[in-house]
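Q: Quick one: sequence plus predicted model below, questions after.
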Amino acid sequence: MTNLSGKLLVAMPGMGDTRFEKSVVFLCAHSDAGSMGLIVNKPSVEMKFDELLKQLSINIVPGIVVPDVHFGGPVEIGRGFVLHSSEYGTKETTMQIDDCFAMTATLDVLEDLAQGQGPERVLLALGYAGWGPGQLEAEIGQNGWLTCDASPEVVFAKSNRSKWEAALKTLGVDPLLLSATAGRA
C-alpha cells in the first residue's frame, strides 16, 4: 500500500468500533511501522480550549478566537496535538506532513495561540488514533475505511457535523448509498 500520510480516513457504516463511528481521521504518519492520525470531526465534550490553557497556566489575550478541542482518538487521551496550516512551526518542534499540513505537540504552539500569534488554521486534539504494523491496511481491506485526499477546507471546516459527508463527496460518494458489507468485484 502507498504511504497514506496526509490523507483522510473516512469511517464506513458498520465500522464496529463506536469510537470511530462516522469519523474522519487525518493521517499524520503512515509507514510499515504503523500509523498515527487525529479524528478531526469530533469535538470534546469534556474540555474547552480556555479550560485547557488554565490547567497549563497559560494566559489568554482577551478577545482571541479560541479553537474547539477535539477527541483525537482513544490513545493517550491526556496528550495534546495541534494539527495546523504549514506556514507555522519550527524544524525542532513541528512535524511537516505536506505542503498544507503540519503538526506540533509542544506547549509553544498553545502559548502562541493564546497570544493570537499561532497558525492561521488550527485543530487541537486530545489523544490520537494509532495502528500497529499492518493493522490499518487490514481494516481498509475489511471495508472499515475509505481513503481520500485531505483538503484544508474539510479538515479545518467550522462545522464538525459536515466533515464526514464532505470527505465522502470528495470521492463522489453519496453517504445514503453506502453499505456496511464489503464486496469484491
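A: Good, I have the coordinates. Numbers count the residues shown, from 1 in each chain.
Q: Show me the contact partners of stretch 10-23.
A: 9, 24-25, 39, 41-42, 73-74, 129, 143-148, 164, 167-168, 171, 178-181 (C-beta atoms under 8 Å, 6 or more residues apart in numbering). C-beta coordinates here come from the backbone N, C-alpha and C atoms, glycine included.
Q: Which of those fall in helices?
A: Members of the contacts of stretch 10-23 lying in helices (criterion: DSSP state H): 164, 167-168.
Q: residues making contact with the helix or strand of the chain with the lowest mean pLDDT?
A: Ranked by mean pLDDT, DSSP states H and E, the weakest helix or strand in the chain is helix 49-55, scoring a mean of 91. By C-beta under 8 Å, 6+ apart, the residues outside helix 49-55 that reach it are 59-60, 66-69, 80, 110, 113-114, 124.
Q: from those, which has minimum pLDDT?
A: Lowest pLDDT among the contacts of helix 49-55: residue 66, with 82.
Q: how close does that residue get to residue 121?
A: According to C-beta to C-beta, to the nearest Å, residue 66 and residue 121 sit 14 Å apart.
Q: Settle it for me: which of the two has more neighbours?
A: Just comparing residue 66 and residue 121: by other C-beta atoms under 10 Å the higher neighbour count belongs to residue 121, 18 against 15.
Q: Surely that one touches residue 82?
A: No. Applying C-beta atoms under 8 Å, one finds residue 121 not in contact with residue 82, separated by 10.6 Å.
Q: returning to that earlier point: I'd like to know which of the contacts of helix 49-55 are part of helices.
A: Per DSSP H, those map to helices at 110, 113-114.
Q: which of those has the most neighbours?
A: residue 113 (25 neighbours).
Q: got a list of what that residue touches?
A: 49, 64, 66-67, 82, 119, 122, 124.
Q: From the contacts of stretch 10-23, keep the buried residues only.
A: Using 16 or more other C-beta atoms under 10 Å as the burial test, the contacts of stretch 10-23 include 9, 24-25, 39, 41-42, 73, 129, 143-148, 164, 167-168 as buried.
Q: what comes up buried for stretch 58-71?
A: 58, 60, 64, 67-71.
Q: From the centroid of this structure, which residue is nearest?
A: residue 38 (3.0 Å; C-alpha atoms, centre = their mean).
Q: Residue 128 is in contact with that one, correct?
A: Yes. Residue 38 lies in contact with residue 128 (C-beta under 8 Å); the separation is 5.7 Å.
Q: Residue 123: neighbouring residues, count only.
A: 26.
Q: for residue 52, same thing?
A: 18.
Q: ditto for residue 43
A: 18.
Q: again, but for residue 142
A: Around residue 142 there are 12 residues (other C-beta under 10 Å).
Q: Okay, it and residue 9: tell me how far apart.
A: 13 Å.
Q: In the chain, mark out all the strands, start to finish.
A: 7-11, 24-31, 34-39, 69-71, 75-85, 94-96, 101-104, 122-131, 145-149 (DSSP state E).
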